Every structure is written in structure tokens, then in C-alpha cells.
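In: A structural model of the following input is requested.
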Amino acid sequence: MKGIIVSELFGNAPFQGFGPDHLRLDSDNPPIEGIAATKRSELRRRVWQICPPRPGVYGMVDRHGELIYVGKAKSLRARVLSYFREGNRTEKAGRIVRHTRTLIWEPATCEFAALVRELELIMRWLPRFNVLGIPDRDRWVYLCLGKKPAAYAYVTRQPNGKEVAAFGPLKGMRMTKEAARRINDLFQLRDCSREQVMRFADQQELFPVLHAAGCLRYELGTCLGPCARYTTQANYTRHVRSAREFLEGSDLSPLRKLEDDMTTAAERQQYERAAAIRDKIQSLLWLQERLNGLVRARDQLSFVYPVRSVEGEDLWYLIHRARVVKVIEAPSNFELSREALLWIEKTFFHNETIQNPFAKHPVDHVLLVSRWFRRHGDERQRSLAPEAARALCRAAGPGTAIPGLR
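Out: Predicted coordinates for the structure are as follows:
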């Protein structure tokens, strides 16, 4: 059954194969292999006979022809067989196997390629047994500053471009909403509904009227009171600017002041006040750590990652701002050097738009790449800076080989 045609497996079923892989050298539609059986014992036997012990991605298809799970493996045979071992199988794995009637797999050039391909397939197909990429389950959200006439911090699924600033994406709606509430309190920004009328102190009224604040936050000192003429528009704007600087990481003095206030309260044995300040600090630290983590990953992970495939072929993964942009053959001769130089210039120096399967889900891809190099520090050490890779390619002359790359 090796090399089985997908249409023969599925007939007119909705799932007809994984689809194109834009990060492969040989083909947009990589060949897949698979087996079909109604009994688990038969599936297991044929996996043992056919499934190769090499990196790749695999999929489970139910009796209706629906792709229900996608995974990746360093060794396809070992990983798929693990689903059939009663002692090692988790409850979730057992449910997947009970629904599976067809197993398919797509070999990859290396473990890193399988990892990237798995994420792409999950985002494309949204298999119901995969947690990652399922709608309404740990979806990304943004913390924004905006909404006229008095901007404030709020959380949304998708910014509309009219915000003063947008930060994220962040995973965790509840924690992000709590952080937004703390930002509004810290910088005394409103958090009322848009139906609440704003009346700044510098707005003239023909017949001055004494207005009351719309809530208790002004009395508590956590809002400037733009609804009751307690602040000018210029002063409110300064507070919004300070909130933005804090979220951008350029001014963390408000957080340090909170830490000093907590220490002072504890020294004075005002433990309830110290605990309340501690809760504010924890929420704000949670937010800062996540925002800074994304920034660090994007700023630090731009390089050429050399990988040797299982077939012995040397490849260069062009990674720009923690995203795999292109895979090319390592420049072992003049012709390959010219092609590599072209892609290096496009990727790192000309900021050209290159087709990317992760355009709609950039943060998942950034975190995946960042996690890989954090766990495999030795792999990061082998990478080439874009300038160094460009210099190697430029140094190659006609008819010469580049030493040290194979």
C-alpha cells in the first residue's frame, strides 16, 4: 500500500489530502502515504509494515472522511504506533484511535520541518481533536488604547486600525481583561460605556452646569473624571500617552512606584493594602512579560538556519523576525549561491513581501520558532547572521564550491 493515492482512500470524502507545502523544495503538493482499515489491530499491523521511521506529519481520518487529528513526529512509525499501546495511551489518544479509520502521513526533511508543517496543517484544517487553532479556544486577543473622545484600555479580538495603539496578540481573554482594568486604574483612564458623555474642563458651555461623575472611580482616585469636567482634554491625553509608553516598555516607572508602595505598606504592617498592590503588580507583570517576549523573539530571531535533511541534503531555512520565510538549497556552488543571494536579499534586506502560509496566524508561528531554538540552543549556535550568509554567497565565483557548508 506504500505510495497509495489519496483519492482511492477517500473517494468523494471532503478531505482529499494535506494540500500544498510552500516551504518545500520539490513540490507544492507533497506525496502522502496511508492505510485504511476498520479494525485497530489491522491498522497497527500495517503501520508497523509501511510507516517509515523518519520525521514527518501524520493525520487521522474518521469513517466520514473527516480529518480529526494532525500530529508531527521525529519518527513517524514510533509515534503512530504509540497510539495503539494500551499502557502508554492517554485518554485523548484512545478517543482518537476509536474514531480513526484511515491513517495518513507525509515524510519531512527533518524534525524542524515537521514541526512547522504540523502548525500549518492545524491552522488550515482545524481538526477537532487538536487544541491549537480551534475557534473560541484560547484565541488571541489584543489590548488596545483607543475609542474617542477619551481613550482607554480595552480588549478586542481584532483591532480595526482606529486605535491609538494596539498591543499583542496575547493568549488569555480573562487575564488580558484584568490587565486592561489595572492599566485604566493605574493611569486614571475611564472604562465606562461609550454612551457616557465626556465633558472636559476646557470645553466651554453656554450655561455652566455642575455635573456628577458617572461612577465612583473618580472618588476612589482611579479615574480623572472626564465625564464631569474634572480634567482637561490635554491632561487626559498626557495620561493616555503615559499608558502607551508603559505598554511599549519605554517607561516602567509606574510599576516601580507600585513596588515601592507595596514595600512601604508591608513595612507599616498595612497588609491588606500591600496585598491589593501586589495583585495589581502581578497582573501588570504578566502583561509586560508577554509583550516583551514577543518583541524579543521578533528582534533576535533573524538568521539563516542550516539543516541537513534525512536524505543528506543541506538546506538553509531563512528565518526573519522568528518566522520561516523560505527554504533553499545550501549554496554549494556558484549557481546555488546566486539563487541563495537573491532570496537572502529579499528576505532580510529589501523587506519584500513573500508568500507565507502563516500570514493569518503569525504569533503562533513566532512562538513555535522561538520555543524550538530555546529548547535547542546548540541549533541556534550553528545559525548564520544574514550579513555572513550574504558574504559567503557573494564570495563564490563561477565554477567554485563554497567550503564548509556540506
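
In: got any ranges where the stretch 251-400 of the chain has weak pLDDT?
Out: Along the stretch 251-400 of the chain, segments meeting pLDDT under 70 span 351-361, 397-400.

In: ok, which stretches of it are helices?
Out: Taking DSSP state H, counting those that start in this stretch to define them, one finds helices in the stretch 251-400 of the chain at 253-267, 271-300, 334-344, 362-375, 377-381, 386-395.

In: Please identify the buried residues of the longest one?
Out: Spelled out, it's helix 271-300. Using 16 or more other CB atoms under 10 Å as the burial criterion, the residues of helix 271-300 that qualify are 274, 277, 280-281, 283-284, 286-288, 290-291, 294, 297-298. (Glycine included, C-beta is placed from N, CA and C.)

In: Could you list every helix and strand in contact with it?
Out: Other helices and strands packing on helix 271-300, by 3 or more CB pairs under 8 Å, 6 or more residues apart in numbering; DSSP states H and E, are strand 165-171, helix 173-186, helix 253-267, helix 362-375.

In: change it to 7 Å
Out: Other helices and strands packing on helix 271-300, by 3 or more CB pairs under 7 Å, 6 or more residues apart in numbering; DSSP states H and E, are helix 173-186, helix 253-267, helix 362-375.

In: same thing with the last one?
Out: Packed against helix 386-395, as judged by 3+ CB pairs under 7 Å, 6+ apart, are the following elements: strand 303-308, helix 334-344.

In: Mean neighbour count and distance to residue 190 for those - can I get that in TSV?
Out: Below are the helices and strands packed on helix 386-395 laid out as TSV (neighbours: other CB atoms under 10 Å; distance: least, CB to CB, whole Å):
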stretch	mean neighbour count	distance to residue 190
strand 303-308	19	45
helix 334-344	18	49
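
In: that older thread, redo the helices of the stretch 251-400 of the chain as CSV? Include distance to residue 307.
Out: Listed next are the helices of the stretch 251-400 of the chain as CSV, based on distance: least, CB to CB, whole Å:
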stretch, distance to residue 307
helix 253-267, 41
helix 271-300, 19
helix 334-344, 14
helix 362-375, 11
helix 377-381, 8
helix 386-395, 14
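
In: Identify whichever of those lies nearest to residue 219.
Out: Judged by CB to CB, the one of those that comes nearest to residue 219 is helix 271-300, at 16.9 Å.

In: count of neighbours near the closest residue to residue 221 other than its chain neighbours?
Out: If you skip the residues right next to it in sequence, residue 221 has residue 188 as its closest partner in space, 7.5 Å away by CB to CB, 6 or more residues apart in numbering. Residue 188 sits with 20 neighbouring residues when counted by other CB atoms under 10 Å.

In: A helix includes residue 188, no?
Out: No. Secondary structure of residue 188 (DSSP: H, G, I helix; E, B strand; the rest coil): coil, not part of a helix.

In: Domain boundaries for the protein, per the record?
Out: Taking automatic domain parsing as the domain assignment, the ranges for the chain are 6-125, 140-298, 301-395.

In: give the contact list for the residue lying closest to residue 23 once chain neighbours are set aside.
Out: In space, not counting the residues next to it along the chain, residue 23 is nearest to residue 327; the distance is 5.0 Å by CB to CB, 6+ apart. Residue 327 is in contact with 23, 24, 25, 315, 317, counting by CB atoms under 7 Å, 6 or more residues apart in numbering.

In: With residue 155 instead?
Out: Remark: with contacts taken as CB under 7 Å, 6+ apart, residue 155 is in contact with 141, 143, 173, 176, 177, 180.

In: Just the buried residues out of these, in PyMOL syntax.
Out: Here is the PyMOL selection string for the buried members of those, based on 16+ other CB under 10 Å:
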select buried, resi 141+143+176+177+180
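
In: of the contacts of residue 155, closest to residue 241?
Out: The shortest separation between residue 241 and any of these is 16.2 Å, and it belongs to residue 143 (by CB to CB).

In: quick one: that closest one is in a strand?
Out: Yes. Membership of residue 143 in a strand is supported by three-state DSSP.

In: ok so, going back, now restrict the contacts of residue 327 to buried residues only.
Out: Applying 16+ other CB under 10 Å to the contacts of residue 327, the neighbour count classes 23, 24, 315, 317 as buried.

In: I'd say the last one and residue 303 touch.
Out: Read that as residue 317. No. The pair residue 317 and residue 303 does not pass the contact test of CB atoms under 7 Å, sitting 9.1 Å apart.

In: Any idea how many residues pack against residue 219?
Out: When counting by other CB under 10 Å, one arrives at 10 neighbours for residue 219.

In: Show the backbone phi and psi for it.
Out: Here is the backbone geometry of residue 219 (degrees, to the nearest 10): phi -60, psi -30.

In: Over to residue 53?
Out: With angles defined as degrees, to the nearest 10, residue 53 shows backbone torsions of phi -90, psi 70.

In: Just list the residues touching it, thanks.
Out: Taking CB under 7 Å, 6+ apart as the criterion, residue 53 is in contact with 75, 76, 77, 78.

In: secondary structure element for the third one?
Out: Residue 77 belongs to helix 76-82 when assigned by DSSP states H and E.

In: Tell me the buried residues in that helix?
Out: 76, 77, 79, 80.

In: Verify the stated contact: the second one with residue 55.
Out: Yep, that's residue 77 we're talking about. No. In this structure, residue 77 is not within contact of residue 55 by CB under 7 Å, at 11.0 Å.

In: just to revisit the earlier point, which among the helices and strands packed on helix 271-300 is found nearest to residue 389?
Out: Taking CB to CB as the criterion, residue 389 comes closest to helix 362-375 out of the helices and strands packed on helix 271-300, the separation being 16.7 Å.

In: ok, back up a step: neighbouring contacts of the helix holding residue 77?
Out: By CB under 7 Å, 6+ apart, the surrounding residues in contact with helix 76-82 are 44, 47-48, 51-54, 56, 58, 71, 73, 88, 103, 105.

In: before we move on, back to that, of all the contacts of residue 53, which comes closest to residue 122?
Out: Distance ranking of the contacts of residue 53 against residue 122, using CB to CB, places residue 76 first at 17.0 Å.

In: Mind listing what's buried along stretch 24-33?
Out: 24, 30, 32, 33.

In: Run through the stretch 101-250 of the chain and note the low-pLDDT ranges.
Out: 131-139, 204-210.

In: can you pick the most crowded of the contacts of helix 76-82?
Out: When neighbours are taken as other CB under 10 Å, the top entry among the contacts of helix 76-82 is residue 56 (30 neighbours).
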